[in-house]
Each structure stands twice: as C-alpha cells, then as structure tokens.
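> build me a structure from this.
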Amino acid sequence: MAITRLTDIITVFDSKWTYGDVKFGYDGEVNQDHDTQYPLMLVTPPESIIPAIYNGREEYSFEINFYNLYSQAAQSVVTLQKRWDNLQDLSNEWLDMVLKNYQDVTVEAYLNDESVEIERVKDSKNDKLVQIKLTFTMSAFTKCFRPVSNYPSDFADLSVWLRADSGVTFDIPTKKVSAWADKSGQSNSVAQDITANQPLRYGYGGINDKEYIEFDGTNDSFVSNVNSPIGEDFTIFEVSKIDGATNCIFGYERAGASIYLGLNLNQLYVSVSDGLESITTKTSVDNRFTNHIGILKKHNKRIVLNYYDSTNSILTDNTNSGFDHNQTFNQTTFTVGSYSGGQLLDGNVSEVIVYNRALSDSEIDDVRGYLNLKYKIY
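Okay, the predicted model is just below:
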C-alpha cells in the first residue's frame, strides 16, 4: 500500500492535529465564520509535480499555517516569543506524528532533505493571532525518515492518556468541558454530564503557556465512562498545579480497595489500599501552587513516588509486607479531580497518563522526558 492521492495525505494530516481546528483551504478563510477553536492548523492546497526520474512518485510542496490567540490581556502574563515557541512546539510534534504514521514499511513516504522552513508571521488577521508558517516537500512512495522522539504511546500497556491539548469537548463561550477523550486508544475516556460540575478548558496560559483544565475545588470533577483499566501493578504520571491543601488528581475506590494521588496537607501524597492494608508515601516539601510532574509506580507490595518541579527532585517510596499484591483496581470507575466524592481539586491539570503495569526505570525516564520537554518543568 502506498500514498496515491492527496486525499490520503490530508486525512493523515487532519487526524494528527488533535489540538484544535483543522482547515484545508486558503489563508483568507481564517476564522471567516468567527467560530474557530484555536490552535488552528490551515493546510493550503499544495503544489505538486511527478518527476519522470522518480518513476511516478509525486512531490508535494506544502505550506501549512498554525495560528493561536494572542490577545491584549495575554501580554501581561506571557511574552509574545513564548506564545510563538509553544505554537512551534505543537507544529513540530504534529509533523513528527505525521512522519511516524509512515514508519510502516508498507506505507512509503518521506520528508525531502532540508525542505522544512519555519517562519514567524507578525500582525496576523483581526483576531490578534500569532502565526507559524511551516513549508516542506513530501515525496510519496519512498521510505527514509526515522523519527526519534519518545511519546507515551511508544510503550506497552498505555491505558489512559488525557491531555489538555487534545480530545477535549467543551463549549467555546463558557469553556465548560463535558468530555475528555482518552488518547491511549483504549477508550478509557472521562466525562462530566452536570454542567455546574464541569471544569473549564483554556487553550493557553497554563504550564509553559500550554493548554490546561481548570478545576474550581468546589464541585468540578470527571468520572470515567468505563471501569478503571488498572490491574495489580500500574504507573501513573500527572502534570498539574494544585492550589488546595488536600486535593485529589486521580482517584479510585471500591469496597476499600483504593488509589489516591494528590496533595495531603500541602505535600504530594499517594495511598494504595487493598481494603485492609495500605501503602502510603509523600514528599517532604510544600507542593501547593507549584507546576510539577508527579509519578506513582506500584509494583507488588511497594510504591514509589517521583516528584519534579523547577527546584526539587524527590524520590520517596514505601513497602508493606502485609499488602495483598493480587488486589486489582478495575471493579468500578476512576475519577480525575476528586476522591470518594470529596478532596475536590482546586487547580489546573495538563496531562494524566496511566499504564497498566509497573514501567521500568528507563521507560519512566523516557515518558518523564517527554513531559518535561513539553512543559519545561525543570
């Protein structure tokens, strides 16, 4: 199988841009209906040639424009260059994911050497936008590119991947989020049907000026659409900023068996219970109001908590020999932003990643590296 039509390429482009709206059209059409969800990717119709020397391969010269808002109010909290840099990060990640799509040897396409150009564009449109213009040439039917970036989906047993920049269903005027799609491919999405309890989604202004979901600490939370996918061992990553003293990011509870990951008396804290015995541990510093990466790994009778912010790198662990390591955590739903109806989250969540196994240290390093490259935590 090989790429044979422009439609096939555009379908891939569209599917890999999961951060906002996609248009295949012309620059003058940007937000012409005033209903755009940013960030926006605009793929302009490409020029193409079929050189005889290439035995029928078609070379497409693409110009793709990426837009995000930059209002007057934003200028007091974030620099213009930061907004541009983050838009460029999204465009680079998108291109990498497109090229990963063509790693299969049965699909032949590559990026022509030295054809990528990135241009920052000023004073774009009437929406006060920042714009990145990406141009490159893609030649169908030949295989040569090998991307090297690590993504959470590169590792086995990914069960939940909630990211604020992708798969969020929300009302544009109110920003209220009704559903948050799981990007792991396992359909472990979360949702909130009650409008008053729906968190808010912001397209910028979060950690490293990235997208985030804001919880009010009063009634906002999500519940999974299906039972938790977690068996005996697991690894959970979270990127957030918590403002409350005792707030839960990820929770599970059924007949005493439970998982709690969040703050307890200002410190990042984890507790895993089999219904009779518990294993707990926490950091030794005040973690409120701090952008951080938290990692919980449970293996047999031991839990390990890793915490990273701009100044701290903390590893703490605990073991309980009486813990039933055969206990599973898949008998009911899991929650994001609350625990057992309480400990409601007051703060911002950027990403939650769950693996249904204990990852190796090197795998944890790779996923953490992906998160830190994206959010610039430390």
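> residues touching the residue nearest in space to the middle of the chain, list them.
By Cα atoms, centre = their mean, the chain has its centre lying nearest to residue 163, at 2.8 Å. Residues counted as contacts of residue 163 (Cβ atoms under 8 Å, 6 or more residues apart in numbering) are 183, 350-351. No exception for glycine: its C-beta is placed from N, CA and C like everyone else's.
> got it, and residue 86?
Contacts of residue 86 (Cβ under 8 Å, 6+ apart): 68, 204, 208-210.
> hang on, the earlier thing: of all the contacts of residue 163, which comes closest to residue 377?
Nearest to residue 377 among the contacts of residue 163 is residue 350, at 9.9 Å by Cβ to Cβ.
> quick one: mean pLDDT for stretch 46-61?
Taken as a whole, stretch 46-61 has a mean pLDDT of 68.
> wait, I meant stretch 341-352
94.
> and residue 311, which of the three is it?
coil (DSSP: H, G, I helix; E, B strand; the rest coil).
> neighbours around it, how many?
8 (other Cβ atoms under 10 Å).
> equivalent analysis for residue 240, please.
By other Cβ under 10 Å, the residues close to residue 240 number 29.
> swap in residue 314?
Neighbours of residue 314 (other Cβ under 10 Å): 18.
> repeat for residue 79
11.
> equivalent analysis for residue 136, please.
18.
> same question for residue 27.
Counted with other Cβ under 10 Å, residue 27 comes out at 16.
> over to residue 255?
8.
> doesn't residue 331 make contact with it?
Yes. When contacts are counted by Cβ atoms under 8 Å, residue 255 is listed as touching residue 331 (7.4 Å).
> how is the chain carved up into domains?
6-140, 152-375 (automatic domain parsing).
> and among the ones you listed, the most buried is which?
Highest mean neighbour count among the domains of the chain (mean count of other Cβ atoms under 10 Å): domain 152-375, with a mean of 19.
> endpoints of that one, how far apart?
Start and end residues of domain 152-375 are separated by 15 Å (Cα to Cα, to the nearest Å).
> and residue 295, what element?
strand 292-299 (DSSP states H and E).
> helices and strands around the helix or strand just after that strand, which ones?
Remark: after strand 292-299, the chain's next helix or strand is strand 302-308, criterion DSSP H and E. Under the contact criterion of 3 or more Cβ pairs under 8 Å, 6 or more residues apart in numbering; DSSP states H and E, strand 302-308 touches strand 267-274, strand 278-282, strand 292-299, strand 313-319, helix 361-375.
> one more time with 7 Å, if that's ok
Judged by 3 or more Cβ pairs under 7 Å, 6 or more residues apart in numbering; DSSP states H and E, strand 302-308 is in contact with strand 267-274, strand 278-282, strand 292-299, strand 313-319.
> between those, which gets nearest to residue 23?
Checked against Cβ to Cβ, the stretch from the helices and strands packed on strand 302-308 lying closest is strand 292-299, at 33.9 Å.
> quick one: strands adjacent to the closest one?
strand 234-242 (antiparallel), strand 302-308 (antiparallel) (DSSP bridges).
> return the distance of the shortest one from the chain's centre.
On the basis of Cα atoms, centre = their mean, to the nearest Å, strand 302-308 sits 21 Å off its chain's mean C-alpha point.
> do you have the strands of the stretch 151-300 of the chain handy? List them.
158-163, 168-170, 177-180, 190-191, 200-202, 212-216, 222-224, 234-242, 248-254, 257-264, 267-274, 278-282, 292-299 (DSSP state E, counting those that start in this stretch).
> could you dump these to JSON lines with distance to residue 308?
As requested, the strands of the stretch 151-300 of the chain are exported to JSON lines (distance: least, Cβ to Cβ, whole Å):
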{"stretch": "strand 158-163", "distance to residue 308": "18"}
{"stretch": "strand 168-170", "distance to residue 308": "25"}
{"stretch": "strand 177-180", "distance to residue 308": "24"}
{"stretch": "strand 190-191", "distance to residue 308": "25"}
{"stretch": "strand 200-202", "distance to residue 308": "23"}
{"stretch": "strand 212-216", "distance to residue 308": "18"}
{"stretch": "strand 222-224", "distance to residue 308": "24"}
{"stretch": "strand 234-242", "distance to residue 308": "10"}
{"stretch": "strand 248-254", "distance to residue 308": "15"}
{"stretch": "strand 257-264", "distance to residue 308": "15"}
{"stretch": "strand 267-274", "distance to residue 308": "10"}
{"stretch": "strand 278-282", "distance to residue 308": "15"}
{"stretch": "strand 292-299", "distance to residue 308": "5"}
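> for these, could you give me TSV that also reports distance to residue 152 and mean pLDDT?
Formatted as TSV, the strands of the stretch 151-300 of the chain follow (distance: least, Cβ to Cβ, whole Å; pLDDT from 0 to 100):
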stretch	distance to residue 152	mean pLDDT
strand 158-163	6	98
strand 168-170	17	96
strand 177-180	16	98
strand 190-191	17	98
strand 200-202	20	96
strand 212-216	18	97
strand 222-224	18	98
strand 234-242	8	98
strand 248-254	15	97
strand 257-264	17	97
strand 267-274	20	97
strand 278-282	24	97
strand 292-299	12	98
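> go through those strands and name the closest to residue 91.
strand 158-163 (16.3 Å).
> CA atoms of that closest one as CSV?
Presented in CSV, the C-alpha positions along strand 158-163 are these (Å, rounded to 0.1, in the frame of the first residue of the first chain):
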residue,chain,number,x,y,z
LEU,A,158,-0.8,2.5,27.9
SER,A,159,-4.3,2.6,29.3
VAL,A,160,-5.2,6.2,29.8
TRP,A,161,-3.8,9.3,28.2
LEU,A,162,-5.7,12.5,29.0
ARG,A,163,-4.0,15.7,27.6
